[in-house]
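Enquirer: below is the sequence, then the predicted model.
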Amino acid sequence: DQQVKQNSPSLSVQEGRISILNCDYTNSMFDYFLWYKKYPAEGPTFLISISSIKDKNEDGRFTVFLNKSAKHLSLHIVPSQPGDSAVYFCAASFYGGSQGNLIFGKGTKLSVKP
Amino acid sequence: GAGVSQSPSNKVTEKGKDVELRCDPISGHTALYWYRQRLGQGLEFLIYFQGNSAPDKSGLPSDRFSAERTGESVSTLTIQRTQQEDSAVYLCASSSDRGDPLHFGNGTRLTVT
């Protein structure tokens, strides 16, 4: 039973437009959420995170929104660039991420077309 | 400084053989994780080491899988009597004990023929 779900396996966006990647979770005890980006043949790299006490966190072109009542978070990339083309993983954890493992979704492959 | 280093980067083995995968975490990181990613799947947690505490082995899929960590440094993941379903990319990650995000290595791609 998947606790973290990314229902869109792929997304294609035009350069300069907004990319919106979605993630749903089932366990209301999760209190820390992260997005990782993965290029082929490389390990995932951390992109942005959000604590459950917040509903928005912004870092440059990347913004993560958290809707606790809907158990839903999203990653917005604006403007999208061809270099953003990668697989994006949503992850969740307990205890503010300070211990224990992260639970990952299956990923969404983003393609940004020039 | 250096990131998480994993070796080998690729490993092809015959079904039934044992394999050993190595991970060198970032110096000073007390937490070390092993994940695997099968084709078309997400990252599947295997095992977690935190300092001198007993490891969390709850993700190991069978008793053919084991892992060790020497102090707060190198870790090895051993798979005995490999099966074809063990084929995956095995990813190691480390983090500090302050809840910092995980830093992943580039993984070992294991192919069992």
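Expert: Great, that's in hand.
Enquirer: from what I can see A:Asp31 touches A:Phe94, true?
Expert: Yes: applying C-beta atoms under 8 Å, one finds A:Asp31 in contact with A:Phe94, separated by 6.3 Å. For the C-beta atoms, the positions are set from N, CA and C on the backbone; glycine is no exception.
Enquirer: in the chain, which helix or strand is least confident?
Expert: Using chain A here. strand A:103-104 (a mean of 90; mean pLDDT, DSSP states H and E).
Enquirer: actually, chain B is the one I wanted.
Expert: strand B:44-50 (a mean of 91).
Enquirer: just the CA coordinates of it, formatted as CSV?
Expert: Output in CSV follows, covering the C-alpha atoms of strand B:44-50 (Å, rounded to 0.1, in the frame of the first residue of the first chain):
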residue,chain,number,x,y,z
GLU,B,44,12.3,1.5,-1.8
PHE,B,45,13.8,1.8,1.6
LEU,B,46,16.0,-1.1,2.7
ILE,B,47,18.0,-0.2,5.9
TYR,B,48,19.0,2.8,8.0
PHE,B,49,22.0,3.2,10.3
GLN,B,50,22.1,6.1,12.9
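Enquirer: after that strand, next one along is what?
Expert: strand B:65-69 (DSSP states H and E).
Enquirer: excluding its backbone neighbours, what's nearest A:Ala92?
Expert: A:Phe30 (4.1 Å; C-beta to C-beta, 6 or more residues apart in numbering or on different chains).
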